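Visitor: Sequence and predicted structure below; questions after.
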Amino acid sequence: MTLNKNSLKLLAAASLLALTSTAFSQAASAPPPSAAKLVLINKLIQLQQPGVENIGRMLLQQPVGGMMQGAGAALQQMPADKREATAKAIETDVRKFVDETVPLMRERGLKLSAAAWTPMIDERFSEDELKQTIAWLESPTSKKYQQLGGEMQQALAQKLVADTRSTVETRLKALEQTIAKHLGMSPKPAAAASAAKK
């Protein structure tokens, strides 16, 4: 399913409304946390800031990635002498969008995280559990494990790509040919040559 700009705006607005209404309904039905517990909740939320920043990036990756794929396909239909300049212009616009929008998503995410998470954390964690969780997150062992997380993901990604490359590439080529047939287009020469070999 492809989401257009209006669909993305509606989805974002609906998600924000759902988060806000859930936070307000929970806040209205439960007594506010004590001052001491609220300090611990805020500390826990502060420790989650890198994750909040990643959420904003991930929310942008899908629509931007989809646009770039669409642009890549459209570029192939353009005259060869205009492709490079058009590709550079698109890349510049995308970079500008990302440079302007990622900080906005980070800032809004950090502001909204307290409203979205405070009632949930208050409901599910006691003060003692919050202290234990914060102590773990601030411990050298936890920090060491978090640093290893990126390397672990990268190592798995490399092995996964190496292990599935030929299968995925073959399936992608077949899908590309099928889509081209649906659109009444002839397959790309490389795809046609690959199909002929088989």
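Guide: Now that the structure is in, tell me what you want to look at.

Visitor: And the spatially most central residue of the chain, how far from residue 106?
Guide: For the chain, the residue lying nearest the average C-alpha position, counting by CA atoms, centre = their mean, turns out to be residue 58 (1.2 Å). When CB to CB, to the nearest Å is the yardstick, residue 58 and residue 106 sit 12 Å from each other. The way it works is simple: take the backbone N, C-alpha and C, and place the C-beta from them, glycine included.

Visitor: now swap in residue 95 and tell me
Guide: Separation of residue 95 from residue 106 (CB to CB) stands at 17 Å.

Visitor: Give me the more crowded residue out of those two.
Guide: Here residue 95 and residue 106 are compared on neighbour count by other CB atoms under 10 Å; more neighbours surround residue 106, at 17 against 10.

Visitor: Now that one: closest residue in space that isn't a chain neighbour?
Guide: residue 53 (4.8 Å; CB to CB, 6 or more residues apart in numbering).

Visitor: Please name every helix or strand in contact with whatever helix or strand that neighbour lives in.
Guide: Taking DSSP states H and E as the definition, residue 53 sits inside helix 49-77. When contacts are defined as 3 or more CB pairs under 8 Å, 6 or more residues apart in numbering; DSSP states H and E, helix 49-77 packs onto helix 80-124.

Visitor: Now do the helix or strand following the helix it packs on and helix 80-124, the angle between them.
Guide: Remark: after helix 80-124, the chain's next helix or strand is helix 127-138, criterion DSSP H and E. Per axes from the mean of the first three to the mean of the last three CA atoms, to 10 degrees, the angle that helix 127-138 makes with helix 80-124 is 140 degrees.

Visitor: May I see the buried residues of helix 127-138?
Guide: Neighbour-count burial for helix 127-138, counted by 16 or more other CB atoms under 10 Å, picks out 130, 133, 134.

Visitor: Any chance of CSV for those residues, columns distance to residue 113 and pLDDT?
Guide: Below are the buried residues of helix 127-138 laid out as CSV (distance: CB to CB, whole Å; pLDDT from 0 to 100):
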residue, distance to residue 113, pLDDT
130, 16, 96
133, 16, 95
134, 16, 95
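
Visitor: closest to residue 177 among these?
Guide: Nearest to residue 177 out of the buried residues of helix 127-138 is residue 133 (CB to CB; 51.5 Å).

Visitor: list the contacts for that closest one?
Guide: Contacts here follow CB atoms under 8 Å, 6 or more residues apart in numbering; on that basis residue 133 touches 44, 125.

Visitor: before we move on, the earlier item: pick the one among the buried residues of helix 127-138 closest to residue 68.
Guide: For the buried residues of helix 127-138, the minimum distance to residue 68 (CB to CB) is 38.8 Å, reached by residue 133.

Visitor: that older thread, got the confidence number for the residue nearest to residue 106?
Guide: In the predicted model, residue 53 carries a pLDDT score of 79.

Visitor: Quick one: residues contacting it.
Guide: If you count contacts by CB under 8 Å, 6+ apart, residue 53 has them with 106, 109, 110.
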